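> Model the structure of this input:
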Amino acid sequence: MKDLRTFFADYSRLFPEEIVSIDRAVDAKWHASAVATKAERACKTSPVLIFNQLRLLNGAISAYPAVVNLLSSRRRLAWTIESTVERFAIDLSSRIRQKKKPLVVSKSEAPVKEVVKKGPEVNLLDYPALVQHAWDPGQYITAGFLTCYDPDTGIDNCALQRGWIKKEREIRIHIGHHSHNGMIFSKHERAKKGMKAIYWIGHHPAAYLGAEVKLGFPESHYESAGGVLGEPLRLVPSETLGDDFLVPADAEVVIEGIIPNGQRRPEAPFGEHLGYFGGQTLSPYMDVTCITHRKKPYWLTILCSHLDEKEGIGGARREATLYEILRKAVPGVTNVYRPASCPIHLYIQMKKRKESDPRQAILAAISAPEGIKHVFVFDEDINIFDEPEVLWAIGTRSQWDKDLVVVPNCNAAGLDPSCERDGMGTRAGIDCTKPLPPEVFEQRTFIPDEIMNQVLIEDYIPQETLAKLTHGV
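Residues are numbered from 1 along each chain as shown. Predicted coordinates:
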């Protein structure tokens, strides 16, 4: 049985320096985010930070630890599915296809039922959610999967949707209009019914990878989570939404509630994944009916516009989906990477078979429902995980008068401030591949492998100096 606790135990045995427990008092408002940002900038691998003394907005120290940066390392996420940095999208795509039906267990077997609070007992302000950015109006749920069931098929749907904890039992939720959550919510509203929903927070990172993937509609995220976990996701009946509303039994926290029909309240501004504040909108909200959790739950937060989202969960989801789409469109595609430097860029690596292959890949990528704005296609000899090499290839292997593909009037990323009108923008791609033979292209410079393999940098630079250089200190 895999959960967040088993992940911490297994991972800390191998990489103890990457799990950092902080026992000094840290404010939930801005202070914890600042510590995480500094750690991200200073360390080659951004460590998981566990704040054991988080000071809430009312000045009290939370009884529960807050976890930040769990998903901030691509290598860490690859490790969870027995993969590597380079093969991560490929192996994640394979695991997603290996869906597993969930396993229903009794409430006595579910760790998330160790503490049950209903009605007036619920006070969300007691939990260590963070205020991340300067203009955020309050504490936000950012690592919670908003989960609901399609009323026509009874199939579950999960998505990371931000939620502002406005009051003790009220969460204002940004539900993406074009998301499957949003489609299900629209069905309830057309039927003039409130929508039963939960947030589940904290689980094994592999469960997060599987639950966040883009699926067809309707398809079960509980099943895809099991596929990535490598074992069935254990579920248990809810407390207040009916026995047929199943929730993850091994989550750290489950928040149950009803999203009323036809009602909206102001939500945001909020610092989102593109690094800009999204404006305030009228959004649905949840009337919380119950919260269940482990005796001392870890409250997980994803830092938006940081590695936790860009390099981690957001990049992983998009890469796996796009790899599947591109492999079907252009069989020569060998890998994809959504760089942390800009989450609406995509790098594609391919073994070009026809001169039209790069253009076909560009069109497939910008047509996919993943909000990709700019696509760059490279040969197999380019390391798409090395940004200086990527920039070199763009500069030396493309002529934009013939290699640039521009498609105006496309759906755009919702928070892209460069768009001229809401929801519409231009997508583009650049073919940065060499021409196929018999056309001649210059040979890259290189050093013989036998010499490169002989040289060990630690023989030339002292270990202490090397450690500081490689960690950016």
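> Pretty sure I175 is one of the things G182 touches, is it not?
Yes - G182 is within contact range of I175, at 4.9 Å (criterion: C-beta atoms under 8 Å). For every residue, glycine as well, the C-beta is placed using N, CA and C.
> Now the terminal residues of stretch 375-393, how far apart.
End-to-end distance of stretch 375-393: 13 Å, with C-alpha to C-alpha, to the nearest Å as the criterion.
> Wait, a strand at P232?
No - per DSSP: H, G, I helix; E, B strand; the rest coil, P232 lies outside any strand segment and is coil.
> Show me the shaky parts of the protein.
Residue ranges of the chain with pLDDT under 70: 273-274, 306-315, 413-415, 420-423, 470-473.
> Which helix runs longest in it?
Using DSSP state H to define each element, the chain has its longest helix at helix 314-329.
> what comes into contact with that helix?
Identification of contacts with helix 314-329 by C-beta atoms under 8 Å, 6 or more residues apart in numbering yields 74, 77, 88-90, 92-93, 96, 209, 212-214, 273, 333, 335-340, 343, 346, 348, 360-361, 364-365, 368, 370-372.
> Show me this structure divided up by domain.
4-307, 330-431 (automatic domain parsing).
> and of those, who's closest to E464?
Proximity to E464 (C-beta to C-beta) singles out domain 4-307 among these, at 15.4 Å.
> Where do the helices of the stretch 101-250 of the chain begin and end?
180-190, 205-212, 221-229 (DSSP state H, counting those that start in this stretch).
> and the angle for the first one with helix 221-229?
Using axes from the mean of the first three to the mean of the last three C-alpha atoms, to 10 degrees, one finds that helix 180-190 and helix 221-229 are set 170 degrees apart in direction.
> same check, this time on the shortest one
Angle between the axes of helix 205-212 and helix 221-229 is 140 degrees (criterion: the same axes, to 10 degrees).
> so P218 sits right up against Y149, yeah?
No - P218 is not in contact with Y149 according to C-beta under 8 Å; the separation is 9.2 Å.
> residues contacting I382?
Contacts of I382 by C-beta under 8 Å, 6+ apart are Q349, E389, V390, A393, C432.
> how about the nearest residue to A159, chain neighbours excluded?
Spatial nearest neighbour of A159, excluding adjacent residues (C-beta to C-beta, 6 or more residues apart in numbering): N181 at 4.7 Å.
> now do I155
Closest to I155 by C-beta to C-beta, 6+ apart is P218, at 4.2 Å.
> number of nearby residues for that neighbour?
Neighbours of P218 under the rule other C-beta atoms under 10 Å: 16.
> now do P435
Neighbours of P435 (other C-beta under 10 Å): 11.
> Would it be right to say that E464 lies in a strand?
No - counting by three-state DSSP, E464 is not part of a strand but helix.
> Run a quick neighbour tally on it.
Neighbours around E464, by other C-beta under 10 Å: 8.
> rewinding a little: deepest in the core, which of the domains of the chain is it.
Of the domains of the chain, the one with the most neighbours on average (mean count of other C-beta atoms under 10 Å) is domain 4-307, at a mean of 19.
> all strands of the stretch 251-400 of the chain, in order?
253-259, 265-267, 270-271, 277-278, 281-283, 285-293, 299-301, 333-337, 345-350, 374-379 (DSSP state E, counting those that start in this stretch).
> and the angle for the longest one with strand 253-259?
Right, strand 285-293. 150 degrees.
> who does strand 285-293 pair up with?
Sheet pairing here is set by DSSP bridges, and for strand 285-293 it gives strand 115-118 (antiparallel), strand 170-173 (antiparallel), strand 253-259 (antiparallel).
> same thing with the fifth one?
Paired with strand 281-283 in the same sheet, following DSSP bridges, are strand 265-267 (antiparallel).
> Relative to the whole chain's centre, how far out is the partner strand?
24 Å (C-alpha atoms, centre = their mean, to the nearest Å).
> hmm, who's touching it?
W164, K166, R172, I173, H174, Q280, T281, L282, S283, Y285.
> ok, the contacts of I382 vs Q399, which is closest?
Closest to Q399, out of all of those and judged by C-beta to C-beta, is C432, at 10.1 Å.
> quick one, what contacts the closest one?
Neighbours of C432 in contact, by C-beta under 8 Å, 6+ apart: P358, F376, V377, F378, D379, I382, A393, I394, R397, S398, D403.
> Thought G332 was touching K351, still the case?
Yes - here K351 lies in contact with G332, judged by C-beta under 8 Å, at a distance of 4.6 Å.
> So which of the helices of the stretch 101-250 of the chain is nearest K100?
Closest among the helices of the stretch 101-250 of the chain, using C-beta to C-beta: helix 221-229, at 3.4 Å.
> Mind listing residues that contact the closest one?
Everything outside helix 221-229 that qualifies as a contact, by C-beta under 8 Å, 6+ apart, is 2, 81, 92, 95-102, 145, 147, 156-159, 204, 206-207, 209-213, 215, 232-233, 235, 246, 248.
> related to what we said a few turns ago, so what's in contact with P218 and Y149 at the same time?
Common neighbours of P218 and Y149, using C-beta under 8 Å, 6+ apart, are I155, N157.
> all strands of the stretch 101-250 of the chain, in order?
103-104, 115-118, 140-141, 144-149, 156-160, 163-167, 170-173, 195-201, 234-237, 246-248.
> To A134, which of the helices of the stretch 101-250 of the chain lies closest?
Once the helices of the stretch 101-250 of the chain are compared by C-beta to C-beta, helix 205-212 is nearest, at 27.0 Å.
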